[in-house]
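Participant: Got a predicted structure here, sequence first:
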Amino acid sequence: MSIRGRCFVAPCLFALVALMVPVMSGHADATESMTPLLLAVPDAPMPFMSSDGQVHLVYELWMTNFSSGDIAVEKVDVLGNGAVLATLDTASVASRLQPAGLRESAGTLAKSTQAMLFLNIALAPGAVIPSELSHRIAMRASAAPPDRQEFSESGGTVAVDRRSVVTIGPPLRGARYISADSCCDATRHTRAALPINGRVWVAQRYAVDWEQLHENGRIYAGPREKLESYAIFGQPALAVADAVVESVTDGFDEQTPGKYPTNISPAEADGNSVILNLGDHRYALYAHLQPRTITVQPGARVKAGQVLGLVGDTGNSIVPHLHFQVTDGPSSLSSNGLPYEISDFQITGKTPGTAAFDEAESNGTPLMVTPVSPSRTVKGAMPLDQLIISFASH
C-alpha cells in the first residue's frame, strides 16, 4: 500500500490509523501504524517521600497532536512496569492538560498543537517503586473517518530516576508557617513551565511559598499595605544545609503589599535572593528577601541553620513571603525543579485549600484551619500544599 501523494494528509492519514502496514526490513511480522498523538517524558520523575506518608512521582507527559483535527483525550492510564498505577478520567485530564504557552487547562488538543499533562502519582505505603513508567491514552480524533475516531495509543515510556533525594534542614524557625502553593498539584508553581534559552524548564516544580499566621489566625494584622503587618516579614531565612553560596542578588526595593508588581523582568523576578550550592548538582533558592539584609557573599561556605537574610517582599511578589525551591542548576529559571525531603518538622493544622488561603491573604480575615491535635511529627519528607508547619528552633 502506498502512502505517497495526496493521501498523506488528514483525513486520509487517519484512514490508515487502524491499518497495519508491513515493514520491509527483514522482519516478516513487523508492523507499523499511524500515531497521530505523540507522547514523551523529557524529565524523568524522582520518587520522594511526602508528608502524607506516600511516595510521589511528579512529572510532565508531553502530548503533540500531529494531525489536522482536534484530539479529545478521554482517559489516561499510567503504568508502572506494565501494571496500571493510576487512571485519569476525562475530567481529571481536562484539569491537568495545559496547552503550550498557556496557564489554562483543557481536555482537547487543537490541531497541530502541543500540551503538557501534569501528573502526580502517589504510591501507597510499602508499594514497590516501578523502574519504568509508560502511558496508555484513550482518545477521540476528529480528523479520522467517523467510524474510526475512537482509538488508543501507548507511549511516553521513561525510566524512573532513582538518584537519591537531598535531605535538608528547615529554611525557617518557629511556628504557624503555611506551605502555600507547595507540591504537588498547586498550579502556580508545579505548572509554571517557562521557555528559557531554547527549551522548556519547570524550575518551580517543587517550589513553595512560605507564609505565616499571626496568633489570631490572620496572615496580616494591621494595614494591608504595611510590610510590618505580615507575620513572616523579617523572619530569618536559614541555610538548609552546609553549602557554598552560589550567587547573591541584592539592592531591589520592597514592593507594596497587595499590589501586583508591573514590568518585572526575569532577572528581577526573585528580588533579593540567595542561591546555595548543595553539591551533586543541587541548588537551593531563597527569593524575595529584604534589601541590605543578606549576610553572605558568593563563594562563602555556610553551615546549616546559618542566617542568610530576612524575609521580605521584593521582586515578583505581592505579599511578604519566602519562595524556596531546589533545582538541578544554578539558575532559578533555566533549570529543573528537584524534590527534597526536610529532616524534621511538625504538622499542626491544615487549611481548606488555596481558595480559602487566597481569600484570607487578600482580605486579612482569619484563615480557617483544621487543627492536627496532637501535632504530627514528620521526618524525612516534603511538606505538601496548605499545611500549617512548625520548625524547631536551632
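Facilitator: Everything's here; your move.
Participant: which residues pair with Leu61 across the strands?
Facilitator: Beta bridges link Leu61 to Leu117 when assigned by DSSP bridges.
Participant: how near is it to Ala192?
Facilitator: According to Cβ to Cβ, to the nearest Å, Leu61 and Ala192 sit 17 Å apart. Where C-beta positions appear, they are placed from N, C-alpha and C, glycine not excepted.
Participant: ditto for Met63
Facilitator: Distance from Met63 to Ala192, by Cβ to Cβ: 19 Å.
Participant: same thing with Phe118?
Facilitator: For Phe118, the distance to Ala192 - Cβ to Cβ - is 10 Å.
Participant: Looking at those two, which is more packed in?
Facilitator: Phe118 (22 against 18; other Cβ atoms under 10 Å).
Participant: Thought Ala186 was touching that one, still the case?
Facilitator: No - using Cβ atoms under 8 Å, Phe118 is not in contact with Ala186, being 10.5 Å away.
Participant: What pLDDT does the model give Arg148?
Facilitator: At Arg148, the pLDDT value in this model is 86.
Participant: low pLDDT regions in the stretch 51-200 of the chain?
Facilitator: For the stretch 51-200 of the chain, no stretch has pLDDT under 70.
Participant: So which residues of it form strands?
Facilitator: Counting by DSSP state E, counting those that start in this stretch, one finds strands in the stretch 51-200 of the chain at the ranges 55-65, 71-80, 83-88, 97-99, 108-109, 114-123, 132-141, 150-159, 166-168, 174-180, 194-196, 199-201.
Participant: So which elements touch the fourth one?
Facilitator: Looking back up the chat, that one is strand 97-99. Judged by 3 or more Cβ pairs under 8 Å, 6 or more residues apart in numbering; DSSP states H and E, strand 97-99 is in contact with strand 114-123.
Participant: repeat for the longest one
Facilitator: For strand 55-65, the packing partners by 3+ Cβ pairs under 8 Å, 6+ apart come out as strand 37-40, strand 48-49, strand 71-80, strand 114-123, strand 132-141, strand 150-159.
Participant: Return the distance of it from the chain's centre.
Facilitator: 11 Å (Cα atoms, centre = their mean, to the nearest Å).
Participant: Convert it to PDB, retaining C-alpha atoms only.
Facilitator: What follows is strand 55-65 as a C-alpha-only set of coordinates in PDB (Å, rounded to 0.1, in the frame of the first residue of the first chain):
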ATOM      1  CA  VAL A  55       6.000   8.200  47.800                       C
ATOM      2  CA  HIS A  56       5.100  10.600  44.900                       C
ATOM      3  CA  LEU A  57       6.200  10.700  41.300                       C
ATOM      4  CA  VAL A  58       5.700  14.200  39.800                       C
ATOM      5  CA  TYR A  59       6.400  14.800  36.100                       C
ATOM      6  CA  GLU A  60       5.000  16.100  32.800                       C
ATOM      7  CA  LEU A  61       3.800  14.000  29.900                       C
ATOM      8  CA  TRP A  62       4.200  15.900  26.700                       C
ATOM      9  CA  MET A  63       1.500  15.300  24.100                       C
ATOM     10  CA  THR A  64       1.800  16.500  20.400                       C
ATOM     11  CA  ASN A  65      -1.300  16.400  18.200                       C
END
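Participant: buried ones in that strand?
Facilitator: For strand 55-65, burial by neighbour count (16 or more other Cβ atoms under 10 Å) applies to Val55, His56, Leu57, Val58, Tyr59, Glu60, Leu61, Trp62, Met63, Thr64, Asn65.
Participant: and it with strand 132-141, angle?
Facilitator: 40 degrees (axes from the mean of the first three to the mean of the last three Cα atoms, to 10 degrees).
Participant: re earlier: please dump the strands of the stretch 51-200 of the chain into TSV; it should also carry distance to Ser335 for every row.
Facilitator: Listed next are those as TSV, based on distance: least, Cβ to Cβ, whole Å:
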stretch	distance to Ser335
strand 55-65	15
strand 71-80	26
strand 83-88	27
strand 97-99	20
strand 108-109	28
strand 114-123	17
strand 132-141	22
strand 150-159	19
strand 166-168	14
strand 174-180	22
strand 194-196	9
strand 199-201	6
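Participant: Gly222: which of those strands is closest?
Facilitator: For the strands of the stretch 51-200 of the chain, proximity to Gly222 was assessed by Cβ to Cβ; strand 174-180 is nearest, at 16.8 Å.
Participant: if we can go back for a sec, of all the strands of the stretch 51-200 of the chain, which lies closest to Lys350?
Facilitator: Smallest distance to Lys350 across the strands of the stretch 51-200 of the chain (Cβ to Cβ): 9.8 Å, for strand 174-180.
Participant: List the strands paired with the closest one, with their directions.
Facilitator: Sheet pairing for strand 174-180, using DSSP bridges, gives strand 208-212 (antiparallel), strand 387-391 (antiparallel).
Participant: export that strand as CSV, just CAs?
Facilitator: Extracted in CSV, the C-alpha atoms of strand 174-180 (Å, rounded to 0.1, in the frame of the first residue of the first chain):
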residue,chain,number,x,y,z
GLY,A,174,9.2,28.9,64.6
ALA,A,175,5.6,28.1,64.2
ARG,A,176,2.4,28.7,62.2
TYR,A,177,4.0,28.6,58.7
ILE,A,178,1.8,27.9,55.7
SER,A,179,3.2,25.7,52.9
ALA,A,180,1.4,27.7,50.2
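Participant: State which helix of this protein is the longest.
Facilitator: helix 354-363 (DSSP state H).
Participant: Just checking: what are the partner strands of the helix or strand following it?
Facilitator: Sequence order places strand 370-378 as the next helix or strand after helix 354-363, per DSSP states H and E. The strands beside strand 370-378 in its sheet (DSSP bridges) come out as strand 345-350 (antiparallel).
Participant: Contacts for the strand it pairs with next, please.
Facilitator: 51, 170, 175-176, 369-373, 375-378, 383, 386-392 (Cβ atoms under 8 Å, 6 or more residues apart in numbering).
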